[in-house]
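Participant: Pasting the sequence and the predicted coordinates here, then a few questions.
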Amino acid sequence: MFVLSFLPLSAIRALGAVVGIVALKISKRTANRLKNNLLKSSIATTENVESIAHQSAKEMGKTLVESALLGWTRNQNLDDLFEVDNSFDKVFELKKQGKKLLFLTPHIGNFEVAMKFYGKYLPIDICYLYKPTKNKDFNQIMLNGRKTINMHPEPTTRKGVLAMMKHYQNGGDIGILPDNVASGGNGEWVKFFGQYVYAATLTAKLCKNHDTSTVLVQSLRTKTGFRSRCIIFEPKTTDIKSITQELYHEIEKMVMDAPTQYYWSYDRYRNVGHAKPKPTND
């Protein structure tokens with residue numbers, strides 16, 4: 001993998017596209033879920049769902065290979081690959097003001113590579129959650145690549161969440177994927193592209209803290225690299241469900257900038273055991 005990381009970006013993405021298409025061919029379950037989600041969200045119609053699913057699969061593969069060869073290796077210099085706007089400077093100013101930052105990175109574009117770039121150029125000390133893989137060797141590669149002096153990955157376990165919250169309470173910054181499906185009774189049903197999803201509410205609760213600034217991060221692929229921007233999120237209410245719905249509306253806007261770069265194969269519209277009753281009114 002270290003040798004492959006020296007490939008030019010175009011070759012890395014070509015490899016990723018092949019990986020995505022192969023994954024779609026191998027797993028009927030993934031292919032069906034991808035198409036169903038595209039249809040449910042009205043991103044695709046019955047007439048074009050095959051072609052959009054094909055493109056989405058290629059983007060999914062690019063995300064995986066970019067993460068492995070750019071985000072998890074130490075030899076890559078991302079400076080020439082990233083384009084940021086003045087929203088990046090606004091985040092820098094928030095840190096200078098002494099704010100703790102809550103970074104929210106939805107499953108769009110490549111948040112793995114973005115966080116590596118942000119960790120280098122922002123004065124942050126961030127702890128964030130990641131989902132371990134079943135393959136111990138691959139998991140160690142992933143963990144070693146993510147861990148730096150100012151970036152502290154923790155697994156999506158109870159112990160990992162507690163470690164992240166301790167870091168936050170001690171004044172550190174944290175990062176969360178805000179569009180994960182909640183488990184058990186720890187979520188709220190909100191609309192996402194017109195369909196109900198059972199959304200985790202931890203992010204909404206943290207948004208209410210006065211010493212914290214919430215930053216949604218969008219990092220999309222361009223022909224020559226990545227274009228990243230930060231959206232400072234300020235909730236209009238203190239109600240947890242309403243804040244969660246506001247967040248999902250913002251995520252919808254981000255997705256519509258590059259629909260096929262969103263991770264549609266994730267089972268986000270599923271029913272959850274022991275969840276609160278799903279609303280029946282639309």
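Facilitator: Thanks, I have the structure now.
Participant: who are the neighbours of the lowest-mean-pLDDT helix or strand in the chain, in terms of helices and strands?
Facilitator: Lowest mean confidence among the helices and strands of the chain (mean pLDDT, DSSP states H and E): helix 136-146, at a mean of 79. In terms of contacts (3 or more Cβ pairs under 8 Å, 6 or more residues apart in numbering; DSSP states H and E), helix 136-146 is packed against strand 126-130. C-betas here are computed from N, CA, C, even on glycine.
Participant: The stretch 101-250 of the chain: strands as residue ranges?
Facilitator: Assigned by DSSP state E, counting those that start in this stretch, the stretch 101-250 of the chain shows strands spanning 126-130, 151-155, 173-176, 187-192, 195-200, 212-221, 226-233.
Participant: Give the full set of residues in contact with the residue lying closest to residue 71 once chain neighbours are set aside.
Facilitator: In this structure, residue 71 finds its nearest non-sequential neighbour in residue 112, 3.8 Å apart by Cβ to Cβ, 6 or more residues apart in numbering. Contacts of residue 112 were listed using Cβ atoms under 8 Å, 6 or more residues apart in numbering, and they are 63, 66, 67, 70, 71, 72, 146.
Participant: what bridges to the nearest residue to residue 257 once chain neighbours are set aside?
Facilitator: Among residues not flanking residue 257 along the chain, residue 220 sits closest, at 6.4 Å (Cβ to Cβ, 6+ apart). For residue 220, the beta-bridge assignment (DSSP bridges) gives partners residue 227.
Participant: Pull the number of nearby residues for residue 220.
Facilitator: 17 (other Cβ atoms under 10 Å).
Participant: Hmm, residue 261 and residue 55 touching each other?
Facilitator: No. Counting by Cβ atoms under 8 Å, residue 55 does not reach residue 261; the two are 9.3 Å apart.
Participant: where exactly do the helices run in the stretch 151-282 of the chain?
Facilitator: Remark: helices assigned in the stretch 151-282 of the chain by DSSP state H, counting those that start in this stretch are 158-169, 202-207, 240-256.
Participant: An error on my part: the question was meant for the stretch 1-150 of the chain.
Facilitator: Using DSSP H, counting those that start in this stretch, helices in the stretch 1-150 of the chain cover 9-26, 28-40, 49-66, 86-96, 111-121, 136-146.
Participant: among those, which is nearest residue 193?
Facilitator: Of all those, helix 28-40 sits nearest to residue 193, with 7.3 Å by Cβ to Cβ.
Participant: pLDDT value on residue 76, please?
Facilitator: We have a pLDDT of 67 for residue 76.
Participant: no, scratch that, I was asking about residue 253
Facilitator: 97.
Participant: Next: the one 4 residues further on.
Facilitator: Residue 257 carries a pLDDT value of 97.
Participant: Also residue 131?
Facilitator: Residue 131 is assigned a predicted lDDT (pLDDT) of 82.
Participant: Now do the least confident helix or strand of the chain against strand 151-155, angle only.
Facilitator: Computed by axes from the mean of the first three to the mean of the last three Cα atoms, to 10 degrees, the angle separating helix 136-146 from strand 151-155 equals 150 degrees.
Participant: follow-up on the earlier one: now the helices of the stretch 151-282 of the chain in TSV, with distance to residue 175 and mean neighbour count?
Facilitator: Shown next, in TSV, are the helices of the stretch 151-282 of the chain (distance: least, Cβ to Cβ, whole Å; neighbours: other Cβ atoms under 10 Å):
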stretch	distance to residue 175	mean neighbour count
helix 158-169	9	15
helix 202-207	10	20
helix 240-256	15	18
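Participant: Perfect, that will be all.
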